[in-house]
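K.L.:
A predicted structure for the sequence below; I have some questions about it.
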Amino acid sequence: MEGISIVNHQGKKIYAIDFAAHGKTKEDTIRLITTVREEFIKNPLKSVLAIIDISCAFFHWDTFKAINNLIQKVGLYNKKIAILGAKGMRKTTLKTLAGRDGTIQPFDTEDQAKEWLILD
C-alpha cells in the first residue's frame, strides 16, 4: 500500500500515513485518501490508531472536500488519529474538521504522537 505502512509500538498496531511523500499533487493526495478509507474500514469500529504526516501534502479545495469526506466515512472506525506537520492554516483546518471529541490531535514529533496513541 503506497503511502500507508503499519508499525507496532508497545504492542499496538498503528497505521502510518505519509502524505508528505505520497501527496505532492492533488491527484496523489486524493488517491491516498481513498486508499486510507478502504484500509480503515477493514477494521472493527473504534479501533484504528494512526499517525498522519501532512507536512508536505498538497492542499486544494478538492483535497479539503476529500479529507472531510474521509473523516465522515471512517470516523466510526477511528480510536485516535495523530497528525504531524499541521502548522498555520493546516492546523486551523484540522481543528475545524476534527471536531471536539479529542480523537484527532496535532503533534510536533512522531514520538509524542505514538505515546499519545497508546494511552487508553
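P.N.:
Now that the structure is in, tell me what you want to look at. Because the structure is predicted, anything quoted here is derived from the model rather than measured.

K.L.:
alpha carbons only for contacts and neighbour counts from here, please
P.N.:
Noted.

K.L.:
give me the phi and psi angles of the most centrally placed residue in the chain.
P.N.:
Centroid-nearest residue in the chain, with CA atoms, centre = their mean: residue 52, separated by 3.7 Å. The phi and psi values for residue 52, taken as degrees, to the nearest 10, are phi -120, psi 120.

K.L.:
ranges for the helices of this protein?
P.N.:
Assigned by DSSP state H, the helices in the chain fall at 19-22, 26-40, 61-74, 89-98, 110-118.

K.L.:
out of those, deepest packed?
P.N.:
Counting by mean count of other CA atoms under 10 Å, helix 19-22 has the highest mean neighbour count of these, with a mean of 20.

K.L.:
residues in contact with the residue nearest to the centre of the chain?
P.N.:
For residue 52, the contacting residues are 16-19, 81-84, by CA atoms under 8 Å, 6 or more residues apart in numbering.

K.L.:
lowest-confidence member of the residues you listed, which is it?
P.N.:
Minimum pLDDT for these is recorded at residue 19 (82).

K.L.:
partner residues bridging residue 104?
P.N.:
Residue 104 has these beta-bridge partners by DSSP bridges: residue 81.

K.L.:
burial check on it, number of neighbours?
P.N.:
22 (other CA atoms under 10 Å).

K.L.:
figure out how far stretch 101-110 is from the centre of its chain.
P.N.:
Chain-centre distance of stretch 101-110: 9 Å, with CA atoms, centre = their mean, to the nearest Å.

K.L.:
and the end-to-end length of that stretch?
P.N.:
Criterion CA to CA, to the nearest Å; first-to-last residue distance in stretch 101-110 is 21 Å.

K.L.:
mind listing what's buried in that stretch?
P.N.:
If you call a residue buried by 16 or more other CA atoms under 10 Å, then stretch 101-110 has these buried ones: 104-107, 110.

K.L.:
closest to residue 35 out of the contacts of residue 52?
P.N.:
Nearest to residue 35 among the contacts of residue 52: residue 17, at 10.0 Å, using CA to CA.

K.L.:
if any of the contacts of residue 52 are buried, put those into a PyMOL selection.
P.N.:
Selecting only the buried entries of the contacts of residue 52 in PyMOL, with 16+ other CA under 10 Å as the criterion:
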select buried, resi 16+17+18+19+81+82+83+84
